[in-house]
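Q: predicted model follows, preceded by the sequence.
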Amino acid sequence: MAAWLFHPFASLLEFLCKYISPIEIASENKQNNGYDLHLMKLDQQGNEMWEKYFSGKNHDFIGSTVATQEGGFLISATTYSSIGLDKKDHSKGGSDIWLIRINEFGDELWQKTLGSSSDEEAKAVIQTTDFGFLVAGNVTLSFDSAQGTQGKAKGYGSKDVIVSKLDKNGKELSQIILGGRALNEIEKMIPTLDGGALLGIYSRSGIVGNEKLKENSEKSSGYSKRSENFGEGDFWVVKLSKEGKVEWEKNFGGTGDDHLRTLALTSTGFLIGGESRSPKSGNKSVGIEEGTDLWLISLNDRGEELWQKSYNFKNRDVLMGMNVVSGKPSTDNRQPSTKGILLGGYTQAEGRIETEDETFWMLYLDQNGNEQWRKHVKGENRQREERLSDIRLNRDGSIILAGTSAAELGKENWKIVKLGDKQLDQLIEKQDIKIYPNPVTDYAYVELGFEGLREGAFEAEISVYDMGGRKLETVKTKNKITKINTQPLIQGAYLVVVKTNDKAANAKMIKK
């Protein structure tokens, strides 16, 4: 199994995260008893920059990762380990959520364990506008096998969704549990422009009503599902405010099993994507062709449906990633206009084996969900079983596909494919120089739109000036995106100037 992290500012693959076999801890002459967290950072050309392991004494699995605005990363993992080796906190009981904050070099800044007597599972993490974090996972209802009764329940059903709000130092500020009578599993969480979050949940629960949790406290609250399920499993979409309160919820499904996988922001609201085994039924207005089809729903910012579409690759189609092609950034904090949608996944063999089964694929749509093209991506040395973990569209129009490749399942290796697409490249707005984030804190990324830099044909010089014209820093680069250190700068305005042999550009940068 694998999880992947892409840096939102640099738009390049930053980490590969993998569950590995037991390893020898040479410094302590001990061997752990399970899987460890394995991190690897790559540069823009795919070269390894560093590699790190984090080990507990039992099994530990990466659930999600996020690049922070200040530089560095937060890792959210499911842990079965108590204190020992790299883990500094005792187990809370069963499995817990293990958070590790690292800097850009992979050095640990802090770690924290979240959990209870029930089993918690890490699934998603995002950074909020106040530099804190929202950590989402699933909590399984405990069961006392000796007495044949449910133990001290933390939620509503057999499995619920739990979202914790933390400050930038890892202090837990609040917690909300969302659920119903049956199973609910969070699959995806994305930040929204108002500082809140959108949750994508696979739900087998119907309406519960306004039921209170038994263990409500000042920091912990609950929200019981208030929308009806249509079939075996449905898409349950929940919008949280920046305070972590539920603003609205919507349920989408047919009479079969529908599994939500991914979410994205658009200029009109949100995109919800996953797989469906349902015919036209419930509030599903599109049918099914064969096996499991892709199901995409467009919503406005109030959760109201704009359109829905279905797509088929044959057999069991699995959607693993979704990217939105956007226009120029807005000056009023609104989402840039949506120009297209890039989907990535694989088709799992089921029944009759098709030639393109177990192969990475891409599907490109226009802003209204109409198919423009589809491609299977084999890369070099294609193996029998190849399954995509994520797809990411870079700012220069190139595409990275990351997943696993194996002669047989259970013996996977990493597979990363980087390719370009002229059609997508033409849709992406080009500027000679862009700086982000802006305002900046400790670092900034400078993106150059000069065509020659894409092939590394010539060198550019990036200089930072104060408003008095004094040169403070100079960096030479052949890369399209370059990271500069802004930590020594005092609060105020600066000018970033880029020069090549025959071109020049500049942009204003604000230091907080």
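A: Done, it's in.
Q: what's the host helix or strand of Tyr445 in contact with?
A: Assigned by DSSP states H and E, Tyr445 falls within strand 443-448. Contacts to strand 443-448, defined as Cβ atoms under 8 Å, 6 or more residues apart in numbering, come from residues 9-10, 70-71, 395, 431-438, 460, 462, 477, 480-487, 496, 498, 505, 509. For glycine as for every other residue, the C-beta is placed from the backbone atoms N, C-alpha and C.
Q: so which of those residues belong to strands?
A: For the contacts of strand 443-448, the ones inside strands are 433-436, 460, 462, 477, 481-485, 496, 498, 505, 509, with DSSP state E as the criterion.
Q: which among these count as buried?
A: A residue is treated as buried here by neighbour count (16 or more other Cβ atoms under 10 Å); on that basis the buried members of the ones in strands among the contacts of strand 443-448 are 433-436, 460, 462, 477, 481-484, 496, 498, 505, 509.
Q: now the stretch 351-500 of the chain, which segments are flagged as low pLDDT?
A: Within the stretch 351-500 of the chain, the set of residues satisfying pLDDT under 70 comprises 351-354, 379-382, 407-412, 421-430, 451-458.
Q: go with 80
A: Counting by pLDDT under 80, the stretch 351-500 of the chain has low-confidence residues at 351-357, 378-384, 394-397, 406-414, 420-432, 449-458.
Q: where do the helices sit along it?
A: 422-427, 451-454 (DSSP state H, counting those that start in this stretch).
Q: what sits against Ala505?
A: By Cβ under 8 Å, 6+ apart, the contact set of Ala505 is 432-433, 448, 497-498.
Q: over to Ile399?
A: For Ile399, the set of contacting residues under the criterion of Cβ under 8 Å, 6+ apart consists of 342, 362, 391-393, 418-421, 424.
Q: dig out what it forms beta bridges with.
A: Under the criterion DSSP bridges, Ile399 forms beta bridges with Leu393, Leu419.
Q: any idea how far Val324 is from it?
A: Counting by Cβ to Cβ, to the nearest Å, the separation of Ile399 from Val324 is 13 Å.
Q: any residues in contact with both of those two?
A: Counting by Cβ under 8 Å, 6+ apart, the contacts common to Ile399 and Val324 are Leu342.
Q: and this protein, split by domain according to the record?
A: Here the chain is described, according to automatic domain parsing, as comprising the domains 255-429, 433-511.
Q: could I get the full set of strands for the stretch 301-450 of the chain?
A: For the stretch 301-450 of the chain, the strands identified by DSSP state E, counting those that start in this stretch occupy 305-311, 316-326, 338-348, 360-366, 371-377, 385-393, 398-406, 413-420, 433-436, 443-448, in order along the chain.
Q: buried residues in the first one?
A: Residues of strand 305-311 classed as buried: 308-311 (neighbour count, 16+ other Cβ under 10 Å).
Q: can you redo the residues you listed as a markdown table with pLDDT and distance to Lys245?
A: Below are these laid out as a markdown table (pLDDT from 0 to 100; distance: Cβ to Cβ, whole Å):
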| residue | pLDDT | distance to Lys245 |
| --- | --- | --- |
| Gln308 | 98 | 28 |
| Lys309 | 98 | 32 |
| Ser310 | 98 | 34 |
| Tyr311 | 97 | 35 |
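Q: what's the closest of those to Asp257?
A: Among the buried residues of strand 305-311, Ser310 lies closest to Asp257 (Cβ to Cβ), at 14.7 Å.
Q: so the closest one makes contact with Glu290?
A: No. Counting by Cβ atoms under 8 Å, Glu290 is not a contact partner of Ser310; they are 11.0 Å apart.
Q: can you report how many residues lie near Lys508?
A: 11 (other Cβ atoms under 10 Å).
Q: list the contacts of it.
A: With contact set as Cβ under 8 Å, 6+ apart, Lys508 has these partners: 493-496.
Q: buried ones only from these, please, as a ChimeraX command.
A: A single ChimeraX command is used to select the members of the contacts of Lys508 judged buried by 16+ other Cβ under 10 Å:
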select :494,496
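Q: now tabulate the contacts of Lys508 in a markdown table and tack on distance to Gln383.
A: Compiled in a markdown table, the contacts of Lys508 are given as follows (distance: Cβ to Cβ, whole Å):
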| residue | distance to Gln383 |
| --- | --- |
| Ala493 | 53 |
| Tyr494 | 50 |
| Leu495 | 51 |
| Val496 | 45 |
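Q: now flag whichever of the contacts of Lys508 is closest to Ser285.
A: Here the nearest of the contacts of Lys508 to Ser285, counting by Cβ to Cβ, is Val496; it sits at 49.3 Å.
Q: show me what the closest one bridges to in the sheet.
A: Using DSSP bridges, the beta-bridge partners of Val496 come out as Val464, Ala507.
Q: now do it against Phe450, distance only.
A: Remark: distance between Val496 and Phe450 (Cβ to Cβ) = 14 Å.
Q: likewise for Leu401?
A: Using Cβ to Cβ, one gets 27 Å for the distance from Leu401 to Phe450.
Q: and what of Asp442?
A: Distance check for Asp442 against Phe450: by Cβ to Cβ, it reads 26 Å.
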